[in-house]
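Enquirer: When you get a sec, could you give me coordinates for this:
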Amino acid sequence: MKKYYKILLMMILIFSGVSCKKYLNVVPDNTGTLDYAFRNRNEAENYLFT
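Expert: Predicted coordinates:
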């Protein structure tokens, strides 16, 4: 019985590490970045004031 628990635990650990890598690196399309916010003076002021 303990052998089955060990195998199940190993399978869960293996599949959980592989499946989440691409999912967690997703960035929404309309998200502003710091490069975009500070590329000129007007956008930098708008970023800092909001």
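
Enquirer: All the helices of this protein, in order from the start?
Expert: With DSSP state H, the ranges of helices along the chain come out as 2-19, 21-24, 34-37, 41-49.

Enquirer: Under the pLDDT cut-off, which ranges of the chain? List them.
Expert: Scanning the chain for pLDDT under 70 picks out 16-27.

Enquirer: 50 instead?
Expert: Within the chain, no range satisfies pLDDT under 50.

Enquirer: For residue 47, which non-adjacent residue is closest in space?
Expert: residue 37 (3.9 Å; Cβ to Cβ, 6 or more residues apart in numbering). To be clear about C-beta, it is placed using only N, CA and C from the backbone, and glycine gets the same treatment.

Enquirer: should've said residue 32
Expert: Nearest non-adjacent residue to residue 32 (Cβ to Cβ, 6+ apart): residue 47, at 7.6 Å.

Enquirer: Need the helices of the chain in CSV (columns: mean neighbour count).
Expert: Shown next, in CSV, are the helices of the chain (neighbours: other Cβ atoms under 10 Å):
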stretch, mean neighbour count
helix 2-19, 9
helix 21-24, 7
helix 34-37, 10
helix 41-49, 10
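
Enquirer: Share the number of residues neighbouring residue 30, please.
Expert: The tally of other residues near residue 30 (other Cβ atoms under 10 Å) stands at 4.

Enquirer: so how far is residue 48 from it?
Expert: Residue 30 sits 20 Å away from residue 48, taking Cβ to Cβ, to the nearest Å as the criterion.

Enquirer: same deal with residue 35?
Expert: Relative to residue 48, and taking Cβ to Cβ, residue 35 is found at 15 Å.

Enquirer: Likewise for residue 40?
Expert: On the measure of Cβ to Cβ, residue 40 and residue 48 end up 13 Å apart.

Enquirer: Let me see the contact set for residue 44.
Expert: 37-38 (Cβ atoms under 8 Å, 6 or more residues apart in numbering).
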